[in-house]
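J.: structure, please.
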Amino acid sequence: MPIQVIKKNGKAEPFHRQKIVDSCTKAGAPPDVAASIADDIQKTARDQMPTSEIRVLVLDRLGRMKPEWRKNWEQYEATKKK
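T.: The predicted model follows:
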């Protein structure tokens, strides 16, 4: 059975590795790096894990690799919330 994650609104949905890849590449990470980050997260993800925890893990990895990528992600999120 696929791992389920819990979104901000409380709904469960299957874990989608590609969402992490897409977000990382939009933040500036090369596709191979984005895929590696997504693979790492997928290995550590647990059933019913909140997407907010996944976000923290992704941001941590982006920031350690290149702080600009983390900043890009956070700036994009800020524009989505408006």
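J.: show me where pLDDT drops low in this protein?
T.: For the chain, the stretches with pLDDT under 70 are 1, 82.
J.: now do the strands in it.
T.: With strands called from DSSP state E, the chain shows them at 4-6, 12-14, 49-50.
J.: nearest to A38, of those?
T.: A38 sits nearest to strand 4-6 of all those, at 13.2 Å, using CB to CB. Every residue, glycine included, has its C-beta placed from N, CA and C.
J.: mind listing what L62 touches?
T.: L62 sits next to C24, A27, A29, I37, W69, R70, W73 when contact means CB atoms under 8 Å, 6 or more residues apart in numbering.
J.: got TSV for the strands of the chain, with mean neighbour count and distance to G63 too?
T.: Listed next are those as TSV, based on neighbours: other CB atoms under 10 Å; distance: least, CB to CB, whole Å:
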stretch	mean neighbour count	distance to G63
strand 4-6	18	21
strand 12-14	10	26
strand 49-50	15	20
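J.: ok, back up a step: show me the contacts of L62 that map onto helices.
T.: Among the contacts of L62, DSSP state H puts C24, A27, I37, W69, R70, W73 in helices.
J.: how many neighbouring residues does the residue nearest to R70 when sequence neighbours are not counted have?
T.: Distances taken as CB to CB, 6 or more residues apart in numbering place G63 nearest to R70, at 3.7 Å, with adjacent residues excluded. Neighbourhood size, G63 [other CB atoms under 10 Å]: 15.
J.: G63 reaches W69, doesn't it?
T.: Yes - counting by CB atoms under 8 Å, W69 is a contact partner of G63 at 7.3 Å.
J.: I'd like to know how far the residue lying closest to E74 once chain neighbours are set aside sits from K26.
T.: Among residues not flanking E74 along the chain, L59 sits closest, at 7.4 Å (CB to CB, 6+ apart). Separation of L59 from K26 (CB to CB, to the nearest Å) stands at 13 Å.
J.: with that, I have no additional questions.
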